[in-house]
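In: Kindly return the folded structure for what I paste below:
(one chain, ligands or ions: 1)
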Amino acid sequence: MRIDILTLFPEMFTPLTTSIIGRARDKGAFELNIINIRDFSKDKHQKTDDYPFSGGDGMVMTPQPLYDAIMSVKDDNCKVIYLSPKGKTLCQKVVEELSKDAHLILICGHYEGIDERIIELLVDEQISIGDFVLTGGEIPAMALVDSIARYLPDVLGSKTSVIDESFHNGLLEYPQYTRPREFMGLKVPDVLLNGNHKEIEKWKNEQRILETQKYRPDLLKNFENKK
Ligand code: 4FL
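Out: Below is the predicted model:
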């Protein structure tokens with residue numbers, strides 16, 4: 001898979017050079033290109049924003065640099081995604097679907113956003129990571145890349161299975177324990193220590209439902225409907 005990120009702040013993306021994502025890129029599990037929108041500005045001062053015709057506070061990203069930046073990476077089988085509070089809220093199902101795409105182009109907006117004509121001309125999908133406002137789309141883009149990368153072959157070790165984790169089946173994950181067996185008077189549940197794999201499986205399934213009831217009862221409604 002190839003992902004191109006278009007941004008005015010390429011230096012914000014160093015987190016994607018470390019840890020699991022950094023190693024995945026080094027191994028060639030996916031290709032990630034960070035592209036500076038400013039490099040495409042034809043303005044003599046390389047400007048990328050201007051005042052909104054509507055008046056009001058803030059600046060708007062001008063269409064020319066964005067248009068040229070997108071066209072420089074666009075091909076026939078790519079999906080252009082604009083990270084935006086107006087988009088559909090990201091969920092695990094959408095992450096899984098996007099991980100099957102061959103080529104994604106992510107646009108990070110800043111200030112009051114981008115000129116609407118870019119959305120009309122070139123954007124295929126708008127995605128939000130939640131109902132809150134940030135200073136720009138860079139952190140949402142990183143969240144999206146991180147969540148997608150987990151589904152790519154050779155990114156997570158074969159031992160860590162993606163399907164075991166929270167939101168598979170729409171349920172939260174069971175609680176985890178490691179050594180020591182007792183900490184501050186709190187004991188690890190006995191069932192996890194007796195080596196009975198069938199009982200442990202049963203405990204995990206019960207705990208998934210209990211955790212979901214406790215923390216995210218809204219998710220449980222979807223689970224009931226799916227059954
Ligand atoms: C994008 C917020 C996606 C949440 C400011 C610019 C945003 C965002 N999801 N806030 N882009």
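In: quick one: the helices in the chain?
Out: In the chain, the helices defined using DSSP state H lie at 19-27, 63-73, 92-98, 116-122, 138-149, 197-215, 217-226.
In: between those, which one is nearest to residue 41?
Out: helix 63-73 (4.2 Å; CB to CB). Quick note: C-beta positions are derived from backbone N, CA and C, even for glycine.
In: List the residue ranges of this structure that fall below the pLDDT cut-off.
Out: Per-residue confidence for the chain (pLDDT under 70) gives these ranges: 158-165, 168, 224-227.
In: try 80 this time
Out: Counting by pLDDT under 80, the low-confidence segments of the chain come to 111, 157-169, 222-227.
In: near the ligand, which residues of it show up?
Out: For the chain, the residues found near the ligand under the criterion CB under 6 Å from any ligand atom are 83, 84, 85, 109, 128, 129, 130, 133, 134, 136, 137, 140.
In: and residue 80, what are its bridge partners?
Out: Applying DSSP bridges to residue 80 yields these beta-bridge partners: residue 105.
In: Quick check, it in contact with residue 127.
Out: No - counting by CB atoms under 8 Å, residue 80 does not reach residue 127; the two are 11.1 Å apart.
In: Kindly reformat the helices of the chain as TSV containing mean neighbour count and distance to residue 104.
Out: Formatted as TSV, those follow (neighbours: other CB atoms under 10 Å; distance: least, CB to CB, whole Å):
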stretch	mean neighbour count	distance to residue 104
helix 19-27	14	15
helix 63-73	18	10
helix 92-98	16	7
helix 116-122	15	13
helix 138-149	20	8
helix 197-215	14	30
helix 217-226	11	26
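In: The most centrally placed residue in the chain: what's it in contact with?
Out: Most central residue of the chain, judged by C-alpha distance to the mean C-alpha position with CA atoms, centre = their mean, is residue 144 at 1.6 Å. Taking CB atoms under 8 Å, 6 or more residues apart in numbering as the contact definition, residue 144 lies against 81, 83, 90, 95, 98, 106, 127, 129.
In: And the residues you listed, which is closest to residue 173?
Out: Minimum separation from residue 173 among those (CB to CB) is found for residue 95, which lies at 16.0 Å.
In: who's in contact with the closest one?
Out: With contacts defined as CB under 8 Å, 6+ apart, the neighbours of residue 95 are 144, 147, 148, 151.
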